[in-house]
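Enquirer: sequence-free structure coming up:
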């Protein structure tokens, strides 16, 4: 579950940067309207998949609502997903032992 979250975090972040570039060309230079439409739709679908994977990871890691919300929203802020993904991996990796999730101590 961590690997699929990581992959989708990077893919979503890269697609958001591509979308921002397309938007600059569309509105700043009046070029690439068709490409912007395609990239925005692809990013939208990928973001939905990212939301599902991030929510799944957050619910299994028992994150508080605020942290879960920040991770979910980070896919909409250019470059934020790169930083949030690194932090999430550092926090979740110690919980995983031999490929299976470990039980958290109370």
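Expert: That came through fine. Just so we're clear, the structure is a prediction, and the values are computed from it rather than from any experiment. Numbering: from 1, shown residues only.

Enquirer: only C-alpha atoms from now on, for both contacts and neighbour counts.
Expert: OK.

Enquirer: now do the host helix or strand of residue 72, average pLDDT.
Expert: Using DSSP states H and E, residue 72 falls within helix 65-73. For helix 65-73, mean pLDDT rounds to 87.

Enquirer: what does that helix contact?
Expert: Applying Cα atoms under 8 Å, 6 or more residues apart in numbering, the contact partners of helix 65-73 are 50, 51, 54, 55, 58, 81, 84.

Enquirer: how far is that helix from where the chain is centred?
Expert: In this view, helix 65-73 has its centroid 11 Å away from the chain centroid, taken as Cα atoms, centre = their mean, to the nearest Å.

Enquirer: would you mark the buried spots in it?
Expert: By neighbour count with 16 or more other Cα atoms under 10 Å, helix 65-73 contains the buried residues 68, 71, 72.

Enquirer: repeat that for stretch 16-34.
Expert: Using 16+ other Cα under 10 Å as the test for burial, stretch 16-34 gives 16, 18, 19, 20, 22, 23, 25, 26.

Enquirer: what sits up against that stretch?
Expert: 35, 36, 39, 40, 43, 75, 76, 77, 78, 79.

Enquirer: pull out the buried residues from the one helix or strand residue 49 maps to.
Expert: Counting by DSSP H and E, the element that carries residue 49 is helix 33-61. For helix 33-61, burial by neighbour count (16+ other Cα under 10 Å) applies to 36, 39-40, 43-44, 46-47, 49-51, 53-55, 57-58, 61.

Enquirer: let me know whether residue 6 touches residue 87 as I believe.
Expert: No. Residue 6 is beyond contact range of residue 87, at 11.0 Å (criterion: Cα atoms under 8 Å).

Enquirer: the more surrounded of these two?
Expert: Between residue 6 and residue 87, counted using other Cα atoms under 10 Å, the more crowded position is residue 6 (20 against 12).

Enquirer: which residues does the more buried one contact?
Expert: Applying Cα under 8 Å, 6+ apart to residue 6 gives the contacts 85, 89.

Enquirer: surely it is within a strand?
Expert: No. Residue 6 is assigned helix when assessed by DSSP: H, G, I helix; E, B strand; the rest coil, not a strand.
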